[in-house]
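no sequence for this one, just the structure:
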């Protein structure tokens, strides 16, 4: 590797490390993977090439016939059909021809072919050079800047003889050899046996003393201005992640497909809060797993998800927590798609959450009536009505029977009722608290129920669900007789009348600038409802886009949306402590994405991955605070939450 090429590589590496340790990594950046003993794959070369692997290793030895180069692990029992030409050189040549002189048509990323000589360097190396020279546009960077980087390893020539070989090949360096500056320019990388420094099998973490030794090697190689690779490494997600964050430049693996899958879209698998610039991190992650009202969501912009500081955590007083006194108000917060992994990840990144200060905690199951895994319609409706639902149903049975929601119960008791969502106000979860239909996409039928006038406040995004109706003019005329319509959260409390606020900002992913938007809306809602009725209020607040992040497999999006939701929880607890008669309940309608935390550090870095882009049927936590909160402990179906809240309201 020439000095200029290495300098470019080092610049990319620095940007990559900064981005990784600073938060989200640019989607376009490439993590270099080395397919060790690639010829042992079911389909050599092509299997790893399909995963856009950077480096391919082939063990090669001279055959009995002239110019015959065989590929395999056992030189004593070679397979004459497995040749370097057939397995690697000709496939690479064909690919370059198809891709216009590049490894891949859509990128300038290069490929490395490591030829590990298992027989003496001569005559095998001479035969290799003869074959490579026949295709300078494929194997000579001086002819084609996109050419394959060919690296000779194994039984290499003595370093003093490097200059005898053409510049289009490089060599695999070794620690302990005293290379001259000129010889160093001929090294593409330095490889070291992992077993000399550690006995780790990839489970758990490296022991401290072993980690120090491995890190010392990495630092030593980098001080020489070269990338480093360890061979004989464990093949596991934990190991790959550890090596990557320690600064290993080429991740060695015998499982190239699994390794590539782990590092694919790596920017959406890592997050930490930092005050530093995020390099050139960029890219928008979207999903096609959303329904009618949310299908226009613009996605999660990694660059805008960078946070320079964490959120403030509220420490509750616990003055009225768990007591048996009357419940005047209920604030019910639902993190759509929020499971334990989402909660813990956000807490680890932020060094705590207000939510994690709750003392009364339970677990709810959320199986719908017609399937094993719930959607938001059935999950939200079960929470709202206490009835098991079929998926896609909004507070209504299969036969069209209307199921009264906790909002109906509260309204009949003379309480003011509010619904706030950081999403579309006619989406499934908020709709379950005021509407009824057998199809969640039927927003006309859902919003028709607003004409009952039971809500004091409805706040979310999506004015178009009203203005886009065929009967928009007539419907809006009726709606305006009941509600004041505004598009700004700041105008919710301009008057004492019932209000629908369709603020378009609530349709966007949370960013550092808008992180407290849901908290602001929650605060305004509490003020609105407190003044609306002396008898108390019921308020449902939804953190909608934790679910969107799960569908999009955007871990940074999940963390930021969960932090946004926690700020709303903070507002609820602050009010509960000041009021003394307010119950706060926090849960989810389902988990989205099957989020699994892979690793991290003690300084707020978390690495995670999703198992699916859909909902999962796992149990969900239920957190409760204030009078009556002890009633939410234990394990129970999601329908039980309705009955516990109903009993507390009626007991007043």
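Yep, that arrived. Bear in mind the structure is a predicted one, so any value in this text is a computation, not a measurement.

what about residue 95, neighbour count?
When neighbours are defined as other Cβ atoms under 10 Å, residue 95 has 19 of them. For the C-beta atoms, the positions are set from N, CA and C on the backbone; glycine is no exception.

I'd say residue 89 and residue 131 touch.
Yes. With contact defined as Cβ atoms under 8 Å, residue 89 and residue 131 form a contacting pair (6.0 Å).

What's the end-to-end length of stretch 107-115?
Terminal residues of stretch 107-115 are spaced 24 Å apart (Cα to Cα, to the nearest Å).

Same check on stretch 451-466?
Across its full length, stretch 451-466 reaches 12 Å end to end, with Cα to Cα as the criterion.

Give the buried residues for that stretch.
Neighbour counts over stretch 451-466 (16 or more other Cβ atoms under 10 Å) mark 454-466 as buried.

nearest to residue 331, of those?
Closest to residue 331 out of the buried residues of stretch 451-466 is residue 457 (12.7 Å), distances taken as Cβ to Cβ.

how about the helices in the stretch 251-400 of the chain?
Listed in chain order, the helices of the stretch 251-400 of the chain (DSSP state H, counting those that start in this stretch) span residues 256-263, 340-350, 376-385.

which of these is buried the deepest?
Ranked by mean neighbour count, the helices of the stretch 251-400 of the chain are led by helix 376-385 with a mean of 31 (mean count of other Cβ atoms under 10 Å).

Give me the mean pLDDT for the lengthiest helix in the chain.
As assigned by DSSP state H, the longest helix anywhere in the chain is helix 555-579. Looking at helix 555-579 alone, the average pLDDT works out to 98.

Check stretch 234-243 too.
Rounded to a whole number, the mean pLDDT of stretch 234-243 is 97.

what sits up against that stretch?
Residues outside stretch 234-243 that contact it (Cβ atoms under 8 Å, 6 or more residues apart in numbering): 200-206, 230, 233, 251-255, 258-259, 262-263, 598-599, 607, 609.

go on, stretch 57-74?
Residues lying outside stretch 57-74 but in contact with it, judged by Cβ under 8 Å, 6+ apart, are 34-40, 44, 75, 78-80, 82-85, 87-88, 113-120, 123-124, 127-128, 130-131, 153-154.

now do 6 Å
The set of residues that contact stretch 57-74 without belonging to it, under Cβ atoms under 6 Å, 6 or more residues apart in numbering, is 36, 38-39, 75, 78, 82-84, 87-88, 114-116, 118-119, 124, 127.

cool, and stretch 94-101?
For stretch 94-101, the surrounding residues in contact (Cβ under 6 Å, 6+ apart) are 105, 138, 144, 146.

Quick one, which of those are buried?
Buried residues within these, counting neighbours by 16+ other Cβ under 10 Å: 138, 144, 146.

rewinding a little: out of the buried residues of stretch 451-466, list just those in helices.
The subset of the buried residues of stretch 451-466 located in helices under the criterion DSSP H comprises 464-466.

ok, the residue nearest the centre of the chain - contacts?
Nearest to the geometric centre of the chain sits residue 555, at 2.2 Å (Cα atoms, centre = their mean). The contact partners of residue 555, by Cβ under 6 Å, 6+ apart, come to 268-269, 271, 608.

Check residue 120 too.
Contacts for residue 120 (Cβ under 6 Å, 6+ apart) come out as residue 155.

ok, now with 8 Å
Residues touching residue 120, when contacts are defined by Cβ under 8 Å, 6+ apart, comprise 62, 155.

distance of it from residue 231?
Between residue 120 and residue 231 the computed distance is 21 Å (Cβ to Cβ, to the nearest Å).

Could you check how far residue 451 is from residue 385?
The spacing between residue 451 and residue 385, counted by Cβ to Cβ, is 20 Å.

So, low pLDDT: which residues of the stretch 451-600 of the chain?
For the stretch 451-600 of the chain, no stretch is flagged by pLDDT under 70.

hang on, the earlier thing: would a markdown table of the helices of the stretch 251-400 of the chain with mean pLDDT and distance to residue 630 be doable?
A markdown table is the format used below for these (pLDDT from 0 to 100; distance: least, Cβ to Cβ, whole Å):
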| stretch | mean pLDDT | distance to residue 630 |
| --- | --- | --- |
| helix 256-263 | 97 | 43 |
| helix 340-350 | 98 | 21 |
| helix 376-385 | 98 | 19 |
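
Turn the ones you listed into TSV, columns for distance to residue 318.
TSV is the format used below for those (distance: least, Cβ to Cβ, whole Å):
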stretch	distance to residue 318
helix 256-263	43
helix 340-350	19
helix 376-385	25
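
right, and those - which one's nearest residue 625?
Proximity to residue 625 (Cβ to Cβ) singles out helix 340-350 among the helices of the stretch 251-400 of the chain, at 15.2 Å.

how much distance is there from that closest one to the middle of the chain?
Relative to the centre of its chain, helix 340-350 is centred 12 Å away, using Cα atoms, centre = their mean, to the nearest Å.

Specify the angle between that helix and helix 555-579 in degrees.
Note on geometry: by axes from the mean of the first three to the mean of the last three Cα atoms, to 10 degrees, helix 340-350 and helix 555-579 are set 80 degrees apart in direction.

Tell me the helices and strands packed up against helix 340-350.
Helix 340-350 sits against helix 555-579, strand 596-600, strand 606-609, strand 620-625, with contacts defined as 3 or more Cβ pairs under 8 Å, 6 or more residues apart in numbering; DSSP states H and E.

in the second one, what's buried?
Of the residues in strand 596-600, those scored as buried under the neighbour-count criterion (16+ other Cβ under 10 Å) are 597, 599-600.

and of those, the nearest to residue 351?
Proximity of the buried residues of strand 596-600 to residue 351 (Cβ to Cβ) peaks at residue 600, which lies at 12.1 Å.

Check the gap between the residue lying closest to that closest one once chain neighbours are set aside and residue 349 for me.
Taking Cβ to Cβ, 6 or more residues apart in numbering, and ignoring the residues beside it in sequence, residue 600 has residue 606 as its nearest neighbour in space, at 4.1 Å. When distances are taken as Cβ to Cβ, residue 606 and residue 349 turn out to be 6 Å apart.

Kindly report the same for residue 107.
In this structure, residue 107 lies at 31 Å from residue 349, with Cβ to Cβ as the measure.

where's residue 403 relative to residue 446, distance?
Between residue 403 and residue 446 the distance, using Cβ to Cβ, works out to 14 Å.

Give me the common contacts of those two.
Contact criterion Cβ under 8 Å, 6+ apart; residues bridging residue 403 and residue 446 by contacting each: residue 436.

More neighbours: these two, which one.
residue 446 (26 against 20).
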